[in-house]
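*Asks:* structure here, sequence nowhere to be found:
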């Protein structure tokens, strides 16, 4: 019932639009970053300096800031307490670079202030990693053991539940990322890192980045719904 002229309609209707949204979001964040990489801070503050100001303004000390190769590879590593800024951010004075750097500093502040969602995300990472690796093998095992009747569905449902953990991770990630961007923009304004006009570039860059997380969540939700529809329908037919 889910196939029409050879097309998997659950994929076409549920997953494909979300995948296209994710592709657009990825393109949009790169193009937005590139655009505002040409808008420079009149105060000539680099991304690394901006991150230091955010940390200092929040009373956070002991966090190192290092350069990492690549583009948009910026991240905060809580295990080593290091903010790693990419080549296009670390020494750049662009509004895009400052927005990204302050966002990563926002993550460091979240850890320092024991922000609950980021602690929860860190705690569930090992579980979600295991779940993502076991999901499809469990589903395939259930299909291979279909002759066992109800027992085979147990493996299928365990696989779907394991896949659902990735959605849980995405849902927890959303407030973490939005909050880090909010902290970044507040620090940029309060610490006078960018002028009011220049703040637009940083804000648009962070908004574009946030959309990639929204799109990733939509993809995970659509894929989970597809699995439920396919295998729930298969059991009813059986």
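*Replies:* Alright, I've got the coordinates. Being a predicted model, the structure only gives us computed values, none of them experimental. Numbers count the residues shown, from 1 in each chain.

*Asks:* strands of this structure, start to end?
*Replies:* 3-4, 7-8, 64-68, 75-77, 82-86 (DSSP state E).

*Asks:* what packs against the third one?
*Replies:* Packing partners of strand 64-68 (3 or more C-beta pairs under 8 Å, 6 or more residues apart in numbering; DSSP states H and E): helix 47-57, strand 82-86, helix 87-90. Every residue, glycine included, has its C-beta placed from N, CA and C.

*Asks:* now for the last one, which elements pack on it?
*Replies:* Spelled out, that is helix 87-90. On a contact count with 3+ C-beta pairs under 8 Å, 6+ apart, helix 87-90 meets helix 47-57, strand 64-68, helix 95-112.

*Asks:* which elements pack onto the last one?
*Replies:* Based on contacts counted as 3+ C-beta pairs under 8 Å, 6+ apart, the elements that helix 95-112 packs against are helix 16-36, helix 47-57, strand 75-77, strand 82-86, helix 87-90, helix 116-144, helix 150-190, helix 199-237.

*Asks:* of all these, which lies closest to residue 105?
*Replies:* Of all these, it is helix 47-57 that lies closest to residue 105, at 3.7 Å by C-beta to C-beta.

*Asks:* next one: stretch 76-94 to chain centre, how far?
*Replies:* 17 Å (C-alpha atoms, centre = their mean, to the nearest Å).

*Asks:* could you check how far residue 58 is from residue 14?
*Replies:* Look at residue 58 and residue 14: by C-beta to C-beta, to the nearest Å, they are 41 Å apart.

*Asks:* ok, residue 201 next?
*Replies:* Taking C-beta to C-beta, one finds residue 201 at 36 Å from residue 14.

*Asks:* still on that earlier bit, just send the helices and strands packed on helix 87-90 back as TSV, with mean neighbour count and mean pLDDT too.
*Replies:* Putting the helices and strands packed on helix 87-90 into TSV (neighbours: other C-beta atoms under 10 Å; pLDDT from 0 to 100) gives the following:
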stretch	mean neighbour count	mean pLDDT
helix 47-57	22	97
strand 64-68	14	97
helix 95-112	27	98
